[in-house]
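J.: this one's sequence-less:
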């Protein structure tokens, strides 16, 4: 999975890239194909936004589904955590739906065997 990070109007934390890559690589455990992930970090200078001045958008592209998560926070890492959590929730839902659930009951199994 390729992670592309864009920042607009702000300097990122020194360890932001390492944290983002490690958090997004954990999403591969759902076995849903994702080729690349775009992380877009924006900072609003307007003091009206206050604790929600940083906005992070995470978008996935590839053979799998198009997923998008947004998060806001007082710094770029807290906003990224919120956006990554939204993406992880969407992937978890898709993974659960893709499972093959056999709804045969014990009664039906006994009827076939007898």
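T.: That came through, no problem. Please read these numbers as outputs of a predicted model, since none were measured by experiment.

J.: Just give me the residue closest to the centre of the protein.
T.: Nearest to the geometric centre of the chain sits residue 87, at 2.3 Å (CA atoms, centre = their mean).

J.: close enough to count as contact, residue 65 and residue 33?
T.: No - using CB atoms under 8 Å, residue 65 is not in contact with residue 33, being 9.2 Å away. No exception for glycine: its C-beta is placed from N, CA and C like everyone else's.

J.: ends of stretch 7-25, how far apart?
T.: Terminal residues of stretch 7-25 are spaced 20 Å apart (CA to CA, to the nearest Å).

J.: So which bits of that stretch are buried?
T.: 12, 16, 20, 21, 23, 24 (16 or more other CB atoms under 10 Å).

J.: Wait, residue 92 touches residue 31, no?
T.: No - if you go by CB under 8 Å, residue 92 and residue 31 don't touch, sitting 11.9 Å apart.

J.: So between those two, which is more surrounded?
T.: Ranked by neighbour count (other CB atoms under 10 Å), residue 92 and residue 31 place residue 92 first, with 14 against 9.

J.: residue contacts, that one?
T.: The contact partners of residue 92, by CB atoms under 8 Å, 6 or more residues apart in numbering, come to residue 30.

J.: ok, and it, which helix or strand is that part of?
T.: helix 76-98 (DSSP states H and E).

J.: neighbours around residue 65, how many?
T.: Residue 65: 12 neighbours (other CB under 10 Å).
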